[in-house]
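J.: Dropping a prediction and its sequence here:
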Amino acid sequence: MSGALPSPVALAVLKRELRKAVRARVKQVSEEEIRRQSERVRLKLKELPEYRAATTVALFISMPHEIDTRGMIEDVFASGKRCFFPVITGQHSSDMALREGLSVSDIASWPENHWHIKEPPPTIAISAAQVEPRQDALTDVCLDLMIMPGVAFDAQCGRLGQGKGFYDKLLSTYQSAYADLKYPMVRTVAIGLNEQLVPEVPMDPTDYSLDKVCLADYLFEAAHANPQA
Ligand SMILES: Nc1nc2c(c(=O)[nH]1)N(C=O)[C@@H](CNc1ccc(C(=O)N[C@@H](CCC(=O)O)C(=O)O)cc1)CN2
Ligand SMILES: Nc1ncnc2c1ncn2[C@@H]1O[C@H](COP(=O)(O)OP(=O)(O)OP(=O)(O)O)[C@@H](O)[C@H]1O
């Protein structure tokens, strides 16, 4: 295609087809290969300057056929960083929040959502008789680093998600809230499998490109000038 940008409808079709193709490719990757790649990503992530500098990190609990985050979650807790996890509260793109997880055993007690992903409940039991609210990364802390899942990524740090707009909307909410609070914008790193790399992710105006994309055999950094770099 030369010159003209694709229409929103054409973009939506391209995205849907790309999701389908990459999901099919990723389903062919063996469990052993996912374990191998996940270990490589875990080690690379630990060396990233934005990870080392972060005291508050958002991560996610993997679904089957995704990079396995269990080792990374253990690392975050072991390092003393605070860790926040997604919770979906409705169908709209704005219905995702990040709530704190306290430990691997805390996570084990969480209920599962529609996609069988464990999600932090709104409160924590602090004794048999008492609960307190869980901390929210938007309102209760300044989140340093958001580690994100996705379906497909490109070398320009473009990211295609599951198609519900949850992460893009979350980033736009954090951007305006943190600007108001004069906090630095949260750093963004996507993690995934080598098989999720594509030549070009179709991007809408509401899609954020990320600071980094970290796959087992690739590390891409955004070319865009980063205000806090
Ligand atoms: N591990 C993980 N956690 C996450 C996400 C994610 O991508 N990965 N999310 C990122 O937003 C949020 C959950 N959102 C999701 C949104 C849509 C689908 C989804 O549409 N799944 C398809 C299955 C597609 C397939 O593999 O064929 C479905 O339900 O049909 C899954 C999760 C928050 N937690
Ligand atoms: N900042 C935003 N505000 C409102 N709606 C948004 C925003 N970002 C995305 N959306 C909407 O969410 C829907 C899905 O968007 P898109 O296909 O880009 O999702 P995605 O990038 O795959 O998902 P995610 O952001 O969860 O990873 C679209 O209808 C889009 O308009």
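T.: Done, it's in. Ligands and ions are numbered 1, 2, ... in the order given.
J.: Pull the number of nearby residues for Ser109.
T.: 12 (other CB atoms under 10 Å). Any C-beta I mention is one placed from the backbone N, CA and C, and that applies to glycine too.
J.: and stretch 193-205, is it in reach of ligand 1?
T.: No: Stretch 193-205 stays clear of ligand 1 (CB under 6 Å from any ligand atom), getting no nearer than 11.4 Å.
J.: what's the first-to-last distance across that stretch?
T.: End-to-end span of stretch 193-205 (CA to CA, to the nearest Å): 26 Å.
J.: Mind listing residues that contact the helix or strand of the chain with the lowest mean pLDDT?
T.: In the chain, no helix or strand scores lower on mean pLDDT, DSSP states H and E than strand 123-125, which sits at a mean of 92. Taking contacts as CB atoms under 8 Å, 6 or more residues apart in numbering, the residues outside strand 123-125 that touch it are Leu102, Asp106, Val131, Glu132, Pro133, Arg134.
J.: Which parts of the chain are helices?
T.: For the chain, applying DSSP state H gives helices covering 8-27, 31-47, 49-53, 70-78, 104-108, 166-181.
J.: Residue nearest the middle of the chain, spatially speaking?
T.: The centroid of the chain falls nearest to Met148 when counting by CA atoms, centre = their mean (1.4 Å).
J.: any idea how far it is from ligand 1?
T.: To ligand 1, Met148 is 8 Å away according to CB to the nearest ligand atom, to the nearest Å.
J.: For stretch 148-164, list every residue counted as buried.
T.: For stretch 148-164, the neighbour count (16 or more other CB atoms under 10 Å) marks 148-154, 156-161 as buried.
J.: Also stretch 179-199?
T.: Buried residues in stretch 179-199, counted by 16+ other CB under 10 Å: 185-198.
J.: How about stretch 199-211?
T.: For stretch 199-211, a neighbour-count test (16+ other CB under 10 Å) marks Val201, Pro202, Met203, Asp207, Tyr208, Ser209, Leu210, Asp211 as buried.
J.: Show me what from this structure comes close to ligand 2.
T.: Of all the residues in the chain, those in contact range of ligand 2 (CB under 6 Å from any ligand atom) are 15, 93, 160-169, 172, 204, 206-207.
J.: can you pull the contacts of the residue of the chain at minimum distance from ligand 2?
T.: Here the chain gets closest to ligand 2 at one residue, Gly161, 1.6 Å apart by CB to the nearest ligand atom. For Gly161, the contacting residues are Pro149, Gly150, Val151, Tyr167, Asp168, by CB under 8 Å, 6+ apart.
J.: Quick check, pLDDT for the second one.
T.: In this prediction, Gly150 carries a pLDDT score of 98.
J.: And it, how far from Arg19?
T.: Computed as CB to CB, to the nearest Å, the Gly150 to Arg19 distance reads 10 Å.
J.: anything in contact with each of the two?
T.: Taking CB under 8 Å, 6+ apart as the contact rule, Gly150 and Arg19 both touch Leu160.
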